[in-house]
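1. Give me the fold of what follows.
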Amino acid sequence: MTRSRTPAIKARVTGADLRNPARFRGRQAPARPRPLGEPFARMTPAQADAWREFRAELPWLNSSHRALVQVACVLRSRMDADPAIGITALSAYSAVLSKLAATPVDDSRVSIPDYAEDDDPAARFFN
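-> Numbers count the residues shown, from 1 in each chain. Next up is the predicted model:
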């Protein structure tokens, strides 16, 4: 089975575009992806809380991740309600977290600029 194609943004974050520049030449990423946004209206309050937690914990998520985040929220809310949800649900939750780059293994693959909680990144433009 062939490996899946690495998106341009992930290649830039992980440095893969520097290791293999020819492989990533010509790949385009969305210029400004929309943010993750608010939870779906049909979600339960527990699922909506999980959504807000994911949005805070994983700031690189954007609108293209909404479907996966919804699955993760359903599983997280089930796990919070009943810690003995079963190995199948835990495996699915683990797989979704991995796809969202939300596991300890993925920490080295995601680069987010450091700034203090009270720092506003937009302040330099508006002050």
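2. Let me see the contact set for L61.
-> By CB atoms under 8 Å, 6 or more residues apart in numbering, the residues touching L61 are 36, 54-55, 69, 100. In short, each C-beta sits where N, CA and C put it, glycine included.
3. Give the buried residues for the helix or strand where A48 lies.
-> Assigned by DSSP states H and E, A48 belongs to helix 45-57. Within helix 45-57, the residues that qualify as buried are 47-51, 54-55, counting by 16 or more other CB atoms under 10 Å.
4. now, which of the residues you listed sits nearest A84?
-> A50 (18.3 Å; CB to CB).
5. picking up where we left off before, contacts for the helix holding A48, please.
-> Counting by CB under 8 Å, 6+ apart, 36, 38-39, 43, 61, 69-70, 72-74, 76-77, 80-81, 100, 102 sit against helix 45-57.
6. what pLDDT, on average, does that helix get?
-> Regarding helix 45-57, the rounded mean pLDDT is 95.
7. Using CSV, write out the CA atom coordinates for that helix.
-> The C-alpha coordinates for helix 45-57 follow below in CSV (Å, rounded to 0.1, in the frame of the first residue of the first chain):
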residue,chain,number,x,y,z
PRO,A,45,-23.7,20.0,26.0
ALA,A,46,-21.0,17.5,26.9
GLN,A,47,-19.9,17.1,23.3
ALA,A,48,-19.8,20.9,22.9
ASP,A,49,-17.6,21.2,26.0
ALA,A,50,-15.3,18.7,24.5
TRP,A,51,-15.2,20.7,21.3
ARG,A,52,-14.1,23.8,23.2
GLU,A,53,-11.5,21.8,25.0
PHE,A,54,-10.1,20.5,21.7
ARG,A,55,-10.1,24.0,20.2
ALA,A,56,-8.1,25.3,23.2
GLU,A,57,-5.7,22.3,23.3
